[in-house]
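In: predicted model and sequence below, questions to follow.
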Amino acid sequence: MNAVNLVEELKWRNMLQDTTPGTEDQLQKEMTSAYIGFDPTADSLHIGNMVPIMLLTLLQKAGHKPIVLVGGATGRVGDPSGKKAERKLLSYQEIQHNLNCQKAQLERFLDFENGENKAELVNNYDWFKDMNFLDFIRDVGKHISVNYMMAKDSVKSRLEQGISFTEFSYQLVQGYDFYHLFQNNNCLLQMGGSDQWGNITTGTELIRRMTGKEAHALTAQLLTKSDGSKFGKSEGGNVWLDAKRTSPYKFYQYWLNIADEDAQKCIRFFSLREHSEIEDIEKQHAEAPHTRSLQNALAEEMTIRVHSEEDLARAKQASNILFGKSTAEDLRALDSEQFLEVFDGVPQSSVSKELLTEGLEALFVQSGFLPSNSELRRALKENSLSINKTKIGDNHTCTDSDLLNGQYLLLQRGKKSYFILNFS
RNA sequence: GGGGAGAUACUCAAGCGGUCAACGAGGUCAGACUGUAAAUCUGAUGGCUUCGCCUUCGUAGGUUCGAAUCCUGCUCUCCCCA
């Protein structure tokens, strides 16, 4: 019935890790509801969450119905999968706050409005809040043996170090989610990263034992980076989708700087362009790697999808000023607001106007940019200092006309290290 | 409790009476090259009023014209024996 075969699509993207038997048949047979759970551990999703988001996006594009489950209940327990140690519990208020924020973000990526297969959002707290412990262990716990639960990797890997009963129970709680959605939302499939396989199959097992019916699991490969570090982390930590946590500029830069090898994986994982178009970009990249077609395409597409066209334009402008051939003139073209946005995150110091004409030592050292006069001398010897993108020498002096917007001076050591002086 | 070894700059690690702000390696920073990459090459890497001066070699004293280097106390670390 469907023009797009989801399983084929995922295979083409090298995303598919594993499915339970019969999954593809079910998806080809009829519109199928499938869900993925999101953990409310922070008040923003990060790009690590883009893989499950893509699964749902592609699911919807293939004509099926995505169900987004936010883990109001499971978030109170803590998933041991992939975790070396017990996690600290979040307060109920924190979880609620995080849930609301994530919800708003998810709405960007899926169509919650139109069509028979419009996306739906559920919160497992709704069906767990009135569940009492005795009911749970009688009605649910009875069906799954401890032996079965202990055999899961997520549990097994923690047996040495210890795992609380709380986290041990996690798979059962998640399994019950699946059962609940199976019964109430006709949800026949749970998807997730490959680290979720164990949890998901506990769900299918539970459904089989409680209803005698069959439910399905589908997992995606985890995205790994060629240098072994974790995907979605930059030096400053996670790359978040929230512009307040990771500015669109930094977000754009993250994609732009992905290693070639990883970019090849990412374009298939994340791009919503036509297959032929993606293959063209891959070809381009192979022929002329230095143009970095893959990184550019990715950075543009992802910045637009997560932020907006305007944010992309600004990010590009900022990048151009920071890294491109742009010069003093481009810098002067910025108004005060743009200037501060481009150099968002660059350390600033407010200094009094008298300093301006008091020489380099005053500007670079007293302002706190360079740690000592020796450092300043060294930098001058290296010819590594610039003011307003123009290299300066030993006896440079500044005047009022050097001030950007009558107020700022942009100091620079080498290529990457910036500092803003704010003359007030 | 007895015996031994050690503590040096961001890290590792030389130095064992003057030529030591202290070899070397890693890291970091800069310059060249480049794809805002990797690799490579070059330089820098305590502070200052820089052809000189000042403060640093666990800590406090001492010997000496002169100590990171020798002596003593203290603190800490490691090893061996009981």
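Out: Good, I have the coordinates. Numbering: from 1, shown residues only, chains lettered A, B, ... in the order given.

In: residue in the stretch 301-424 of chain A nearest to RNA strand B?
Out: residue A:414 (2.5 Å; CB to the nearest atom of the strand). (Each C-beta comes from the backbone N, C-alpha and C, glycine too.)

In: what's the local residue count around that residue?
Out: Under the neighbour criterion other CB atoms under 10 Å, residue A:414 is assigned a count of 11.

In: same check on residue A:110?
Out: 19.

In: ok, it - contacts?
Out: Counting by CB atoms under 8 Å, 6 or more residues apart in numbering, residue A:110 makes contact with A:53, A:56, A:57, A:60, A:66, A:68, A:119.

In: how many neighbours does the third one have?
Out: Which is residue A:57. If you count neighbours by other CB under 10 Å, residue A:57 ends up with 19.

In: could I get the contacting residues of it?
Out: Neighbours of residue A:57 in contact, by CB under 8 Å, 6+ apart: A:66, A:109, A:110, A:272.

In: ok, now with 10 Å
Out: A:50, A:66, A:109, A:110, A:111, A:119, A:270, A:272, A:305 (CB atoms under 10 Å, 6 or more residues apart in numbering).

In: next one: residue A:129
Out: Residue A:129 sits next to A:72, A:73, A:123 when contact means CB under 10 Å, 6+ apart.

In: would you check that the last one makes contact with residue A:69?
Out: Yes - in this structure, residue A:123 sits in contact with residue A:69. The criterion is CB atoms under 10 Å, and the distance is 7.3 Å.

In: circling back: of the contacts of residue A:129, buried ones?
Out: Burial by neighbour count, 16 or more other CB atoms under 10 Å: within the contacts of residue A:129 this picks out A:72, A:73, A:123.

In: secondary structure element holding the first one?
Out: In this structure, residue A:72 is located outside every helix and strand according to DSSP states H and E.

In: residue contacts, the spatially closest residue to it that is not a sequence neighbour?
Out: Leaving aside its chain neighbours, residue A:72 sits nearest to residue A:125 (2.9 Å; criterion: CB to CB, 6 or more residues apart in numbering). Contact analysis of residue A:125 by CB under 10 Å, 6+ apart lists A:40, A:70, A:71, A:72, A:73, A:74, A:75, A:76, A:92, A:95, A:96, A:99.

In: those residues, buried ones only, as a PyMOL selection?
Out: This is how PyMOL selects the buried members of the contacts of residue A:125, with burial counted by 16+ other CB under 10 Å:
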select buried, chain A and resi 40+70+71+72+73+74+75+76+95+96+99
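
In: per-residue confidence at residue A:231?
Out: In this prediction, residue A:231 carries a pLDDT score of 79.

In: cool, residue A:202 as well?
Out: Reported pLDDT for residue A:202: 94.

In: that one touches residue A:152, doesn't it?
Out: Yes - counting by CB under 10 Å, residue A:152 is a contact partner of residue A:202 at 7.2 Å.

In: which residues in the stretch 51-200 of chain A form strands?
Out: A:65-70, A:120-123, A:187-193 (DSSP state E, counting those that start in this stretch).

In: got the residues of the stretch 201-350 of chain A near RNA strand B?
Out: Proximity of the stretch 201-350 of chain A to RNA strand B (CB under 7 Å from any atom of the strand) is limited to residues A:253, A:256, A:257, A:259, A:260, A:289, A:290, A:292, A:295, A:319, A:322, A:323.

In: okay, and the common contacts of residue A:202 and residue A:152?
Out: A:170, A:171.

In: quick one on the thing from earlier: next, format the strands of the stretch 51-200 of chain A as TSV and append distance to RNA strand B.
Out: Shown next, in TSV, are the strands of the stretch 51-200 of chain A (distance: least, CB to the nearest atom of the strand, whole Å):
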stretch	distance to RNA strand B
strand A:65-70	33
strand A:120-123	35
strand A:187-193	27
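
In: how close does the residue in the stretch 151-300 of chain A that RNA strand B sits nearest to get to residue A:265?
Out: Across the stretch 151-300 of chain A, the shortest distance to RNA strand B (CB to the nearest atom of the strand) belongs to residue A:290, at 3.5 Å. Separation of residue A:290 from residue A:265 (CB to CB, to the nearest Å) stands at 20 Å.

In: who has more neighbours, these two?
Out: residue A:265 (21 against 6).

In: got a list of what that one touches?
Out: A:13, A:14, A:15, A:221, A:223, A:224, A:225, A:226, A:231, A:258, A:259, A:294.

In: please save the CA atoms from the host helix or strand of it in CSV.
Out: Assigned by DSSP H and E, residue A:265 falls within helix A:260-270. Taking C-alpha atoms only, helix A:260-270 is exported to CSV below (Å, rounded to 0.1, in the frame of the first residue of the first chain):
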residue,chain,number,x,y,z
ASP,A,260,34.7,13.4,6.2
GLU,A,261,34.1,9.8,7.2
ASP,A,262,31.4,10.8,9.7
ALA,A,263,29.8,13.2,7.3
GLN,A,264,29.1,10.4,4.9
LYS,A,265,27.2,8.5,7.6
CYS,A,266,25.4,11.6,8.7
ILE,A,267,24.1,12.7,5.4
ARG,A,268,22.4,9.4,5.0
PHE,A,269,21.1,9.4,8.5
PHE,A,270,19.7,12.9,8.6
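
In: hmm, which helix or strand of chain A has the shakiest average pLDDT?
Out: Using mean pLDDT, DSSP states H and E, the weakest-scoring helix or strand in chain A turns out to be strand A:233-234, at a mean of 70.

In: next secondary structure element downstream of it?
Out: Following strand A:233-234 in sequence, per DSSP H and E, is strand A:237-238.

In: show me what the helix or strand just after that next one is packed up against.
Out: Downstream of strand A:237-238, the next assigned helix or strand under DSSP H and E is helix A:248-256. In terms of contacts (3 or more CB pairs under 10 Å, 6 or more residues apart in numbering; DSSP states H and E), helix A:248-256 is packed against strand A:233-234, helix A:260-270, helix A:293-306, helix A:309-323, helix A:336-342.

In: which of these is buried the deepest?
Out: Ranked by mean neighbour count, these are led by helix A:293-306 with a mean of 21 (mean count of other CB atoms under 10 Å).

In: relative to helix A:309-323, how tilted is that helix?
Out: 140 degrees (axes from the mean of the first three to the mean of the last three CA atoms, to 10 degrees).
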